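Undergrad: Dropping the sequence and predicted coords here.
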Amino acid sequence: MKLAEASPERALRWLSSMTGLPGEISAASQGRVLARWAGQEPEVAGNWLADQPDDPNYDAMARSYSNAVAPIDAERALDWAQSIRDEEQRKAALIEVARHRIKTHGEDSIEDLRLAGLTEDQISQARQPPQRSFTFNAGGLALRGGGDTPLNFVLGNLNGSTDTSPAAENAPPRQDTPRIPSPPNR
């Protein structure tokens, strides 16, 4: 993670160049790097991502980005979520952003979410707490589970990861409001 902290763009290029890495691992890794970068420099990270519309891992990165910038600009985060081509990932991203919007703006945001194109089912899911899951492998022992349990939190942080919550929630308070760029036309 040192490279990702020092130069997120270089880390993302390096991850893209790794052949033989399973697609889901590559996508998840790039998504984590981008979420961390968006928590520190959302405008720069967004501009970089907007220039990557044909990257095979664009959808995973856009999902991470939309989730990371939702506390800053929920409307623009919805735009980023809508730019995801994979239907399953797009739906999940929309629900994640809607969940944040409902958490911060309450029931007053429901009509805005409907106007943004979210279905009643998506809004209903956004009203529910997130379902987190984990897998921990050590010495042949595999623990699997889900929910927002303390065990999940501890296991999620054993490797130094802060991915058990959106990157922006772990970032220090901002003094200014950064401009969140628009997603690419895909």
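TA: Okay, I see it.

Undergrad: Could you check how far residue 127 is from residue 121?
TA: In this view, residue 127 and residue 121 are 11 Å apart by Cβ to Cβ, to the nearest Å. Using the backbone N, CA and C atoms, a C-beta is placed for each residue, glycine as well.

Undergrad: Of those two, give the one with the bigger neighbour count.
TA: Neighbour tally, residue 127 and residue 121, criterion other Cβ atoms under 10 Å: the higher count belongs to residue 127, 14 against 10.

Undergrad: Let's verify the nearest residue to that one once chain neighbours are set aside: helix, strand, or coil?
TA: Excluding the flanking residues, the one nearest residue 127 by Cβ to Cβ, 6 or more residues apart in numbering is residue 102, at 6.1 Å. Look at residue 102: counting by DSSP: H, G, I helix; E, B strand; the rest coil, its state is helix.

Undergrad: who touches residue 102 in this structure?
TA: Counting by Cβ atoms under 8 Å, 6 or more residues apart in numbering, residue 102 makes contact with 109, 110, 113, 126, 127.

Undergrad: ok, the second one to residue 29 distance?
TA: As defined by Cβ to Cβ, residue 110 lies at a distance of 35 Å from residue 29.

Undergrad: ok, which stretches of the chain are strands?
TA: For the chain, the strands defined by DSSP state E occupy 133-138, 141-146.

Undergrad: Just want the most central residue of the protein.
TA: Most central in the chain under Cα atoms, centre = their mean is residue 64, positioned 2.1 Å from the mean C-alpha point.

Undergrad: My guess is it contacts residue 35. True?
TA: Yes: under the criterion of Cβ atoms under 8 Å, residue 64 makes contact with residue 35 at 4.0 Å.

Undergrad: Helix or strand with the lowest mean pLDDT in the chain?
TA: Ranked by mean pLDDT, DSSP states H and E, the weakest helix or strand in the chain is helix 150-157, scoring a mean of 32.

Undergrad: residue ranges with poor pLDDT in this protein?
TA: For the chain, the stretches with pLDDT under 70 are 1, 3-4, 132-176.

Undergrad: all helices of this protein, in order?
TA: Using DSSP state H, the helices of the chain run over residues 2-6, 8-17, 23-40, 42-50, 58-69, 74-82, 87-105, 110-115, 120-126, 150-157, 167-170.

Undergrad: List the residues that contact the spatially closest residue to residue 9 that is not a sequence neighbour.
TA: Distances taken as Cβ to Cβ, 6+ apart place residue 48 nearest to residue 9, at 6.1 Å, with adjacent residues excluded. Contacts for residue 48 were tallied using Cβ under 8 Å, 6+ apart; they are 9, 12, 37.
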